[in-house]
Each structure stands twice: as C-alpha cells, then as structure tokens.
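Visitor: Provided below are the primary sequence and the corresponding predicted coordinates.
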Amino acid sequence: MFWGFQLEFKQSLRTKKLWVILGVMMLLYIPGFYFQKASGEGIETVQQAVSVLIGNINGLGGFFIAILALLMGATAINSEVEKGTLRVAMSKPITRLGYIGGKFIAHTVVVLMALLLTTLVGIAGLAWLGAPMGSQLVTDSLLLNGLLLLAMIQLIALGYIISTIVKSSSTALGVALVIMFVVFMIMPAIVQFMAAKDTIISDHPDWEAYQEKSKEYKTRYLFYVPTTQIDVIVSDATKVTGDIENPQIEYVGIGGAIQKNLVNLGILFGLTLVYLALAFYRFLRMDLR
C-alpha cells in the first residue's frame, strides 16, 4: 500500500489540473481581502473572523477543491489502464486492495493539503485585516476542514466509481464535469426555488419559514451533494433570537452547529462509506486489460 501511495502522491503533485485549479482559486480568493481592506470594513470579533473564514473556505475554496477531488478520482483508474501502467503495477508483489488503498490515501492527502493551504491563506488574510485571533478561530477552522475533508473524500470516491465504469479518461472527465454542473449548480437552484415557492413567493412572505423549508429540502432532496450538507450544518453556527426589530445574534460555533445537525453529518458519513465500498468493489472485480 505504501508503494502505491508514494507513486500516486508524486504523480498527483505533478498534475497540471492540481496547480491550475489552485491557481485560479487563489486569484479569486486573495483579492477579496484586499478589497475588504480598501473598503475600510474592520473585523472586530472572533465570531466575525470565523464567519468570514467559513464563507471563503466553504464557498469559493470548497467549490474549486470539490472540482479537483472529483476530477482526480474520475481519472484515477482508467488513465492507468490506458497507459498500461496498471498492469505493470499489478505485476509487482502488491494486491489490488493495497494498490487502490494507497492511491486513495494519496489523493486524500493531496486534497487535505489544498484545504489547509486555503485555510492558511484565509487566516493570514484575516490577520492582515486586523481580526483578533483566538482559540475559537483555530477550533472552528479545524472542524470546518474536517467536514470539508469528509465531503472531498466522498467526491474522490464518486470519481473512482466513474473511473471504473467509464473506460476512457477523457470521457470520464466530461462525465465528471457534467455531474458537477448538474449536481452543484442546477439541482441546488431547483431546490431553492421549491423552498421559495412554498414560503416567500406569495402575498405574505415568511423569511423564517423559508430558511427552515430550505434546510428541510436540502436535507431531503440534496443528500447526494456533500457541500450542501455542510452548508446546512454551518448555517446554524450563528443563532438569531428575539424579534425583527431587536434581533439577538449568538455565535454557537461549528461544534454547536454539528451537534444540531447530526442527521446531515450522518448523511455525509453514510454516503461516503457507500461510495467507497462501491469504488473498491468495482476495482477488485474489474477487468484490467
């Protein structure tokens, strides 16, 4: 397994798609701190700092790293079959399970590095803006990265399933991009419209009911979108009480949000295990010729 991990880790770090996606992400990510600095908007509390970090990492960073995770998985197996390197690897004293296990761990480590890079840039940007640093910021950053890593593992596993079904790596890339477009953009928009139609597109819009209906519909109809499940979880990091005229905002943190949304966390874990089992089963049974 270590041999497969070492080989795949080196190859993954040399792939153009890794550095292109990270480069584009940083080009869009870093200027946001500059514009916020230029606008004169300060960050006075740790809670505000965490909110900004959540928005950046879970929003922009999560989207681009999700693309990276799915594309890496979608070409993990079929590209090796096309190049003939998989048969060479299987001629060595290594089992199929050890090979795919090492490859999968390598991809997970690469995605984790991308997440940590995004987080470090985010924290550095917050420090540059003068935001107070504290244990709450560190704790919530770690918890958020843990959730995102679980989501990315799910997408890598989904990519592996694609890679073991679609023989052509170029076709698999196209399939992965279509899935990203439909699953991450079209379906969430449809579900949001459904929630809005049932609550606020009327003569008496109810924004509180819309938020609850949106969470319900996202959990029910978008259970296969890991980043959406994270959105549902982190949306409860801030608790609003009181009336409209005098709202009281209480920051409960990512830990409190996770405890309140154990169903969504269970969906993340459960579907990740299902995808992993299917991917490994497909590889162990597939014809490598």
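Guide: Perfect, thanks for sending it.
Visitor: okay, CA-based contacts and neighbour counts for the rest of this
Guide: Will do.
Visitor: show me how far the helix or strand harbouring Ser79 is from its chain's centre.
Guide: Ser79 belongs to helix 78-83 when elements are defined using DSSP states H and E. When C-alpha coordinates are averaged (Cα atoms, centre = their mean, to the nearest Å), helix 78-83 and its chain have centres 26 Å apart.
Visitor: elements contacting that helix?
Guide: Using 3 or more Cα pairs under 8 Å, 6 or more residues apart in numbering; DSSP states H and E, the elements in contact with helix 78-83 are helix 169-181.
Visitor: report all helices and strands that the helix it packs on contacts.
Guide: In terms of contact count using 3+ Cα pairs under 8 Å, 6+ apart, helix 169-181 is assigned the packing partners helix 62-74, helix 78-83, helix 135-165.
Visitor: name the nearest residue to Ala196, sequence neighbours excluded.
Guide: In space, not counting the residues next to it along the chain, Ala196 is nearest to Tyr210; the distance is 6.2 Å by Cα to Cα, 6 or more residues apart in numbering.
Visitor: residues in contact with Asp236?
Guide: Listed by Cα atoms under 8 Å, 6 or more residues apart in numbering, the contact partners of Asp236 are Val252, Ile254, Gly256, Ala257, Lys260.
Visitor: repeat that with 7 Å
Guide: For Asp236, the contacting residues are Ala257, taking Cα atoms under 7 Å, 6 or more residues apart in numbering as the criterion.
Visitor: what about it, is that helix, strand or coil?
Guide: Using DSSP: H, G, I helix; E, B strand; the rest coil, the secondary structure recorded for Asp236 is coil.
Visitor: point out where the stretch 151-289 of the chain drops to low pLDDT.
Guide: The model of the stretch 151-289 of the chain has pLDDT under 70 over residues 202-204, 239-249, 289.
Visitor: how about the strands of it, start to end?
Guide: For the stretch 151-289 of the chain, the strands identified by DSSP state E, counting those that start in this stretch occupy 238-242, 247-251, in order along the chain.
Visitor: could you identify which of the helices and strands packed on helix 169-181 is most buried?
Guide: The densest packing among the helices and strands packed on helix 169-181, expressed as mean neighbour count by mean count of other Cα atoms under 10 Å, is seen in helix 62-74 with a mean of 25.
Visitor: out of the helices and strands packed on helix 169-181, nearest to Met180?
Guide: The closest of the helices and strands packed on helix 169-181 to Met180 is helix 62-74. By Cα to Cα, the value is 7.2 Å.
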